[in-house]
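> starting from these lines, generate the structure:
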Amino acid sequence: MTLAELQDLNSLPFFELLKRAHAVHEANFPDGKIQLCTLLSIKTGGCSEDCAYCTQSARYETDLQNQRLLSKEAVMESARAARENGSTRFCMGAAWRGVRGGTDRFNQVVDIIRDVSTLGMEVCVTLGELGPAEAVMLKEAGVTAYNHNLDTSPEHYPNIVTTHTYEDRLRTIRNVQDAGMAVCCGGILGISETITDRLRLLEVISSFNPQPESVPINSLMPMPGTPLAGNAQVDPFDLIRMIACARIAVPAAKVRLSAGRTRLSDETQALCFFAGANSIFYGDKLLTADNPEAGKDRELLAKLGLETLEPNPALDVPVKNSELPASPACATASCC
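Purely as a prediction, here's the structure:
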(Lines give C-alpha, C1' and ligand atoms only; values in the text may rest on other atoms or scores of the structure.)
Protein backbone atom coordinates (compact mmCIF):
# COMPACT_ATOMS: atom_id res chain seq x y z
CA MET A 1 0.00 0.00 0.00
CA THR A 2 1.14 3.55 -0.62
CA LEU A 3 1.57 6.14 2.09
CA ALA A 4 -1.39 8.09 0.71
CA GLU A 5 -3.61 5.02 0.90
CA LEU A 6 -2.51 4.31 4.46
CA GLN A 7 -3.10 7.92 5.48
CA ASP A 8 -6.63 7.72 4.10
CA LEU A 9 -7.20 4.51 6.07
CA ASN A 10 -5.81 5.89 9.30
CA SER A 11 -7.96 9.01 9.06
CA LEU A 12 -11.20 7.02 8.90
CA PRO A 13 -13.57 7.22 11.86
CA PHE A 14 -12.42 4.70 14.46
CA PHE A 15 -15.24 2.18 14.07
CA GLU A 16 -15.21 2.41 10.27
CA LEU A 17 -11.51 1.51 10.28
CA LEU A 18 -12.13 -1.39 12.67
CA LYS A 19 -15.00 -2.65 10.52
CA ARG A 20 -12.82 -2.69 7.40
CA ALA A 21 -9.90 -4.32 9.20
CA HIS A 22 -12.11 -6.98 10.75
CA ALA A 23 -13.55 -7.86 7.35
CA VAL A 24 -10.02 -8.36 5.97
CA HIS A 25 -9.14 -10.42 9.04
CA GLU A 26 -12.15 -12.72 8.67
CA ALA A 27 -11.43 -13.20 4.96
CA ASN A 28 -7.87 -14.34 5.65
CA PHE A 29 -8.27 -16.02 9.05
CA PRO A 30 -11.84 -17.35 9.16
CA ASP A 31 -11.19 -19.55 12.21
CA GLY A 32 -10.17 -16.50 14.27
CA LYS A 33 -7.57 -18.45 16.26
CA ILE A 34 -4.74 -16.80 18.20
CA GLN A 35 -1.16 -18.00 17.94
CA LEU A 36 0.72 -18.28 21.24
CA CYS A 37 4.45 -17.58 20.96
CA THR A 38 7.21 -17.74 23.55
CA LEU A 39 10.33 -15.57 23.33
CA LEU A 40 13.54 -16.51 25.11
CA SER A 41 16.65 -14.34 25.32
CA ILE A 42 19.45 -16.83 24.74
CA LYS A 43 22.16 -14.16 25.08
CA THR A 44 21.41 -10.97 27.02
CA GLY A 45 23.11 -7.57 27.11
CA GLY A 46 26.51 -6.35 26.03
CA CYS A 47 25.33 -5.42 22.54
CA SER A 48 27.53 -3.01 20.58
CA GLU A 49 24.55 -1.31 18.92
CA ASP A 50 23.04 1.97 20.17
CA CYS A 51 19.29 1.37 19.67
CA ALA A 52 17.81 4.15 21.81
CA TYR A 53 15.03 1.99 23.28
CA CYS A 54 17.11 -1.01 24.28
CA THR A 55 18.53 -1.94 27.69
CA GLN A 56 20.78 -4.51 26.04
CA SER A 57 23.04 -1.85 24.53
CA ALA A 58 26.46 -1.75 26.20
CA ARG A 59 26.41 2.03 25.71
CA TYR A 60 23.76 2.71 28.38
CA GLU A 61 23.84 2.44 32.17
CA THR A 62 20.89 0.20 33.05
CA ASP A 63 20.09 -2.41 35.68
CA LEU A 64 20.15 -5.23 33.12
CA GLN A 65 22.41 -8.14 34.02
CA ASN A 66 24.44 -9.41 31.08
CA GLN A 67 24.15 -13.11 30.34
CA ARG A 68 26.36 -15.20 28.07
CA LEU A 69 24.89 -17.56 25.50
CA LEU A 70 22.72 -20.12 27.28
CA SER A 71 23.60 -23.77 27.10
CA LYS A 72 21.64 -26.00 24.77
CA GLU A 73 20.25 -27.85 27.78
CA ALA A 74 18.88 -24.62 29.29
CA VAL A 75 17.28 -23.56 26.01
CA MET A 76 15.71 -26.98 25.48
CA GLU A 77 14.24 -26.89 28.99
CA SER A 78 12.56 -23.56 28.21
CA ALA A 79 11.40 -24.77 24.81
CA ARG A 80 9.79 -27.89 26.24
CA ALA A 81 8.05 -25.81 28.91
CA ALA A 82 6.76 -23.43 26.23
CA ARG A 83 5.35 -26.34 24.26
CA GLU A 84 3.67 -27.81 27.32
CA ASN A 85 2.08 -24.42 28.04
CA GLY A 86 0.55 -24.25 24.58
CA SER A 87 3.02 -22.14 22.60
CA THR A 88 3.27 -23.10 18.94
CA ARG A 89 6.20 -20.83 18.06
CA PHE A 90 9.43 -20.66 20.03
CA CYS A 91 11.50 -17.55 19.38
CA MET A 92 15.13 -17.16 20.41
CA GLY A 93 16.80 -13.76 20.57
CA ALA A 94 20.46 -12.87 21.02
CA ALA A 95 21.84 -9.39 21.67
CA TRP A 96 24.35 -9.28 18.84
CA ARG A 97 24.97 -6.92 15.94
CA GLY A 98 24.96 -9.98 13.71
CA VAL A 99 26.37 -13.46 13.23
CA ARG A 100 29.03 -14.88 10.96
CA GLY A 101 29.36 -18.45 9.74
CA GLY A 102 32.31 -20.45 11.02
CA THR A 103 32.43 -18.76 14.43
CA ASP A 104 31.95 -20.70 17.65
CA ARG A 105 28.88 -18.71 18.69
CA PHE A 106 27.15 -19.21 15.35
CA ASN A 107 27.90 -22.94 15.40
CA GLN A 108 26.50 -23.15 18.95
CA VAL A 109 23.29 -21.41 17.91
CA VAL A 110 22.89 -23.67 14.88
CA ASP A 111 23.31 -26.71 17.14
CA ILE A 112 20.63 -25.36 19.51
CA ILE A 113 18.25 -24.69 16.61
CA ARG A 114 18.60 -28.26 15.31
CA ASP A 115 17.45 -29.66 18.64
CA VAL A 116 14.65 -27.13 19.19
CA SER A 117 13.31 -27.91 15.71
CA THR A 118 12.61 -31.50 16.78
CA LEU A 119 9.96 -30.40 19.32
CA GLY A 120 7.16 -29.80 16.84
CA MET A 121 6.96 -26.01 17.18
CA GLU A 122 7.72 -23.28 14.69
CA VAL A 123 11.25 -21.99 15.28
CA CYS A 124 11.99 -18.27 15.06
CA VAL A 125 15.31 -16.56 15.76
CA THR A 126 16.54 -12.98 15.87
CA LEU A 127 20.32 -12.73 15.78
CA GLY A 128 20.95 -9.40 14.07
CA GLU A 129 22.42 -9.01 10.60
CA LEU A 130 22.69 -12.08 8.36
CA GLY A 131 24.67 -12.69 5.20
CA PRO A 132 23.36 -14.98 2.44
CA ALA A 133 25.40 -18.00 3.56
CA GLU A 134 24.38 -17.66 7.21
CA ALA A 135 20.72 -17.37 6.21
CA VAL A 136 20.92 -20.64 4.27
CA MET A 137 22.58 -22.39 7.23
CA LEU A 138 19.83 -21.26 9.58
CA LYS A 139 17.16 -22.47 7.16
CA GLU A 140 18.85 -25.86 6.87
CA ALA A 141 19.12 -26.11 10.68
CA GLY A 142 15.35 -25.80 11.00
CA VAL A 143 14.50 -22.10 11.35
CA THR A 144 10.92 -21.40 10.31
CA ALA A 145 11.01 -17.61 10.48
CA TYR A 146 13.59 -14.90 11.06
CA ASN A 147 12.66 -11.80 13.04
CA HIS A 148 14.26 -8.55 11.92
CA ASN A 149 12.20 -5.48 12.80
CA LEU A 150 12.49 -2.21 10.92
CA ASP A 151 11.26 -0.36 14.03
CA THR A 152 10.09 2.82 12.26
CA SER A 153 10.24 4.76 9.01
CA PRO A 154 13.43 5.18 6.94
CA GLU A 155 13.35 8.90 7.75
CA HIS A 156 13.10 8.52 11.54
CA TYR A 157 15.41 5.52 11.86
CA PRO A 158 18.69 7.52 12.12
CA ASN A 159 17.21 9.28 15.18
CA ILE A 160 16.88 5.92 16.92
CA VAL A 161 19.89 3.93 15.71
CA THR A 162 23.22 5.17 14.34
CA THR A 163 25.37 2.03 14.46
CA HIS A 164 23.70 0.47 11.41
CA THR A 165 21.43 1.71 8.64
CA TYR A 166 17.96 1.00 7.35
CA GLU A 167 19.63 -0.43 4.26
CA ASP A 168 21.45 -2.94 6.48
CA ARG A 169 18.12 -4.11 7.89
CA LEU A 170 16.54 -4.46 4.46
CA ARG A 171 19.54 -6.37 3.14
CA THR A 172 19.20 -8.97 5.89
CA ILE A 173 15.49 -9.34 5.14
CA ARG A 174 16.31 -9.91 1.47
CA ASN A 175 18.87 -12.58 2.45
CA VAL A 176 16.32 -14.29 4.70
CA GLN A 177 13.73 -14.42 1.93
CA ASP A 178 16.24 -15.66 -0.64
CA ALA A 179 17.16 -18.50 1.74
CA GLY A 180 13.52 -19.62 1.90
CA MET A 181 12.69 -18.56 5.45
CA ALA A 182 9.59 -16.62 6.41
CA VAL A 183 10.12 -13.03 7.54
CA CYS A 184 8.82 -11.66 10.84
CA CYS A 185 9.12 -7.87 10.59
CA GLY A 186 7.38 -5.06 12.44
CA GLY A 187 7.99 -1.94 14.45
CA ILE A 188 7.77 -0.05 17.71
CA LEU A 189 5.30 2.67 18.65
CA GLY A 190 6.27 5.38 21.11
CA ILE A 191 9.86 6.01 20.02
CA SER A 192 9.27 9.72 19.31
CA GLU A 193 7.90 8.98 15.84
CA THR A 194 5.06 10.75 14.04
CA ILE A 195 1.90 9.16 12.67
CA THR A 196 3.47 9.51 9.22
CA ASP A 197 6.51 7.53 10.41
CA ARG A 198 4.22 4.72 11.55
CA LEU A 199 2.43 4.60 8.24
CA ARG A 200 5.69 4.81 6.27
CA LEU A 201 6.83 1.73 8.19
CA LEU A 202 3.73 -0.10 6.99
CA GLU A 203 4.30 1.18 3.47
CA VAL A 204 7.78 -0.36 3.43
CA ILE A 205 6.69 -3.64 5.03
CA SER A 206 3.70 -4.05 2.72
CA SER A 207 6.04 -3.58 -0.29
CA PHE A 208 8.03 -6.73 0.56
CA ASN A 209 7.74 -9.45 -2.06
CA PRO A 210 6.68 -11.76 -0.56
CA GLN A 211 5.05 -9.90 2.30
CA PRO A 212 6.10 -10.86 5.85
CA GLU A 213 4.56 -13.95 7.40
CA SER A 214 4.15 -12.07 10.67
CA VAL A 215 4.18 -8.41 11.73
CA PRO A 216 4.91 -7.67 15.41
CA ILE A 217 3.53 -4.36 16.66
CA ASN A 218 5.38 -3.29 19.81
CA SER A 219 4.62 -0.45 22.21
CA LEU A 220 7.67 1.08 23.82
CA MET A 221 8.26 0.14 27.42
CA PRO A 222 10.53 3.03 28.51
CA MET A 223 13.53 1.62 30.33
CA PRO A 224 15.59 3.60 32.87
CA GLY A 225 19.02 4.43 31.53
CA THR A 226 18.05 4.43 27.86
CA PRO A 227 17.64 7.65 25.81
CA LEU A 228 13.89 7.05 25.50
CA ALA A 229 13.32 6.45 29.22
CA GLY A 230 11.10 9.53 29.53
CA ASN A 231 8.80 8.83 26.60
CA ALA A 232 5.05 8.79 27.21
CA GLN A 233 2.87 5.72 26.94
CA VAL A 234 1.35 5.09 23.51
CA ASP A 235 -2.30 6.08 23.26
CA PRO A 236 -4.34 2.83 23.14
CA PHE A 237 -6.46 4.16 20.28
CA ASP A 238 -3.30 4.85 18.26
CA LEU A 239 -2.17 1.28 18.88
CA ILE A 240 -5.52 -0.15 17.78
CA ARG A 241 -5.45 1.99 14.63
CA MET A 242 -1.95 0.71 13.86
CA ILE A 243 -3.10 -2.89 14.30
CA ALA A 244 -6.03 -2.25 11.96
CA CYS A 245 -3.87 -0.58 9.31
CA ALA A 246 -1.32 -3.41 9.53
CA ARG A 247 -4.07 -5.98 9.07
CA ILE A 248 -5.29 -4.27 5.90
CA ALA A 249 -1.78 -3.53 4.54
CA VAL A 250 -0.46 -7.07 5.10
CA PRO A 251 -3.68 -9.11 5.00
CA ALA A 252 -2.27 -12.64 5.13
CA ALA A 253 0.28 -12.01 7.90
CA LYS A 254 -0.13 -12.84 11.54
CA VAL A 255 -0.25 -9.46 13.28
CA ARG A 256 1.44 -9.95 16.63
CA LEU A 257 0.47 -7.85 19.65
CA SER A 258 3.92 -7.74 21.19
CA ALA A 259 5.80 -5.65 23.77
CA GLY A 260 3.84 -3.33 26.03
CA ARG A 261 0.88 -5.59 26.79
CA THR A 262 1.39 -5.21 30.56
CA ARG A 263 0.13 -1.65 30.12
CA LEU A 264 -2.98 -2.61 28.14
CA SER A 265 -6.38 -3.24 29.65
CA ASP A 266 -8.33 -6.35 28.70
CA GLU A 267 -10.69 -4.10 26.76
CA THR A 268 -7.88 -2.58 24.70
CA GLN A 269 -6.48 -6.02 23.91
CA ALA A 270 -9.95 -7.20 22.89
CA LEU A 271 -10.23 -4.31 20.41
CA CYS A 272 -6.77 -5.16 19.07
CA PHE A 273 -7.91 -8.74 18.43
CA PHE A 274 -11.05 -7.48 16.70
CA ALA A 275 -8.92 -5.14 14.56
CA GLY A 276 -6.80 -8.03 13.34
CA ALA A 277 -4.18 -9.02 15.91
CA ASN A 278 -4.00 -12.81 15.98
CA SER A 279 -0.75 -13.61 17.73
CA ILE A 280 0.74 -12.77 21.11
CA PHE A 281 3.90 -13.45 23.05
CA TYR A 282 2.92 -15.72 25.88
CA GLY A 283 4.66 -16.09 29.22
CA ASP A 284 6.12 -13.87 31.92
CA LYS A 285 9.09 -12.47 30.00
CA LEU A 286 9.57 -10.72 26.66
CA LEU A 287 13.37 -10.59 26.23
CA THR A 288 14.19 -8.13 29.05
CA ALA A 289 10.71 -6.72 29.78
CA ASP A 290 7.77 -8.05 31.75
CA ASN A 291 4.93 -9.74 29.87
CA PRO A 292 1.44 -10.74 31.07
CA GLU A 293 1.37 -14.04 32.90
CA ALA A 294 0.26 -17.08 30.91
CA GLY A 295 -2.74 -17.72 33.17
CA LYS A 296 -4.05 -14.19 32.69
CA ASP A 297 -3.73 -14.52 28.93
CA ARG A 298 -5.64 -17.80 28.95
CA GLU A 299 -8.35 -16.20 31.07
CA LEU A 300 -8.73 -13.28 28.67
CA LEU A 301 -8.89 -15.52 25.60
CA ALA A 302 -11.52 -17.64 27.32
CA LYS A 303 -13.61 -14.55 28.09
CA LEU A 304 -13.47 -13.58 24.43
CA GLY A 305 -14.22 -17.09 23.19
CA LEU A 306 -10.97 -17.18 21.21
CA GLU A 307 -9.29 -20.49 20.51
CA THR A 308 -5.55 -20.95 20.05
CA LEU A 309 -3.71 -22.03 16.93
CA GLU A 310 -2.25 -25.51 16.55
CA PRO A 311 1.49 -25.89 15.92
CA ASN A 312 2.59 -25.83 12.29
CA PRO A 313 6.35 -26.52 12.09
CA ALA A 314 6.03 -27.14 8.33
CA LEU A 315 4.82 -23.57 7.88
CA ASP A 316 4.33 -22.58 4.24
CA VAL A 317 6.62 -19.64 3.52
CA PRO A 318 4.87 -16.79 1.66
CA VAL A 319 5.57 -17.09 -2.07
CA LYS A 320 7.08 -14.32 -4.15
CA ASN A 321 4.79 -12.71 -6.71
CA SER A 322 6.77 -12.88 -9.95
CA GLU A 323 4.81 -9.98 -11.41
CA LEU A 324 6.05 -7.59 -8.69
CA PRO A 325 9.55 -6.33 -7.80
CA ALA A 326 11.52 -8.23 -5.16
CA SER A 327 11.71 -6.87 -1.63
CA PRO A 328 13.76 -3.66 -1.52
CA ALA A 329 17.43 -4.06 -0.77
CA CYS A 330 17.82 -0.49 0.38
CA ALA A 331 15.74 2.37 1.73
CA THR A 332 16.15 4.32 -1.50
CA ALA A 333 14.23 1.74 -3.49
CA SER A 334 11.16 2.94 -5.35
CA CYS A 335 8.77 1.84 -2.62
CA CYS A 336 10.60 3.96 -0.09
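> drop to CA atoms for contacts and neighbour counts, all remaining ones
Will do.
> nearest residue to the middle of this protein?
Centroid-nearest residue in the chain, with C-alpha atoms, centre = their mean: residue 216, separated by 3.5 Å.
> assumed it was part of a helix.
No - under DSSP: H, G, I helix; E, B strand; the rest coil, residue 216 sits outside any helix and is assigned strand.
> let me see the contact set for it.
For residue 216, the contacting residues are 184-187, 255-258, by C-alpha atoms under 8 Å, 6 or more residues apart in numbering.
> with pLDDT added, can I get those in TSV?
Listed next are these as TSV, based on pLDDT from 0 to 100:
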residue	pLDDT
184	96
185	97
186	97
187	97
255	97
256	95
257	94
258	90
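> low-confidence ranges in the stretch 51-200 of the chain?
Scanning the stretch 51-200 of the chain for pLDDT under 70 picks out 64.
> 90 instead?
Flagging of the stretch 51-200 of the chain using pLDDT under 90 yields the residue ranges 51-69, 81-82, 84-86, 93-102, 104-105, 128, 164.
> quick one, helices of it?
According to DSSP state H, counting those that start in this stretch, the stretch 51-200 of the chain carries its helices in the segments 72-84, 104-116, 132-141, 157-160, 166-178, 195-206.
> in the shortest one, what's buried?
When neighbours are counted by 16 or more other C-alpha atoms under 10 Å, the buried residues of helix 157-160 are found to be 157, 160.
> who's the residue nearest to the centre of the chain bridged to?
On the basis of DSSP bridges, residue 216 is bridged to residue 256.
> before we move on, back to that, tell me which of the helices of the stretch 51-200 of the chain lies nearest to residue 293.
Proximity of the helices of the stretch 51-200 of the chain to residue 293 was assessed by C-alpha to C-alpha; the nearest stretch is helix 72-84, lying at 12.7 Å.
> please name every helix or strand in contact with that closest one.
Packing contacts for helix 72-84, counted by 3 or more C-alpha pairs under 8 Å, 6 or more residues apart in numbering; DSSP states H and E, involve strand 35-43, helix 104-116.
> buried deepest among these, which one?
Ranked by mean neighbour count, these are led by strand 35-43 with a mean of 23 (mean count of other C-alpha atoms under 10 Å).
> so what strands line up beside that strand?
For strand 35-43, pairing defined by DSSP bridges yields strand 89-94 (parallel), strand 277-281 (parallel).
> export the ones you listed to TSV and tack on mean neighbour count?
Shown next, in TSV, are the strands paired with strand 35-43 (neighbours: other C-alpha atoms under 10 Å):
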stretch	mean neighbour count
strand 89-94	24
strand 277-281	25
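> including distance to residue 175, could those go into CSV?
CSV is the format used below for these (distance: least, C-alpha to C-alpha, whole Å):
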stretch, distance to residue 175
strand 89-94, 18
strand 277-281, 25
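> ok, residue 186 touching residue 211?
No - using C-alpha atoms under 8 Å, residue 186 makes no contact with residue 211, being 11.5 Å away.
> overlap in contacts, these two.
Shared contacts of residue 186 and residue 211 (C-alpha under 8 Å, 6+ apart): residue 205.
> neighbour count for the two, which is higher?
Set residue 186 next to residue 211 and count neighbours by other C-alpha atoms under 10 Å: residue 211 wins out with 27 against 24.
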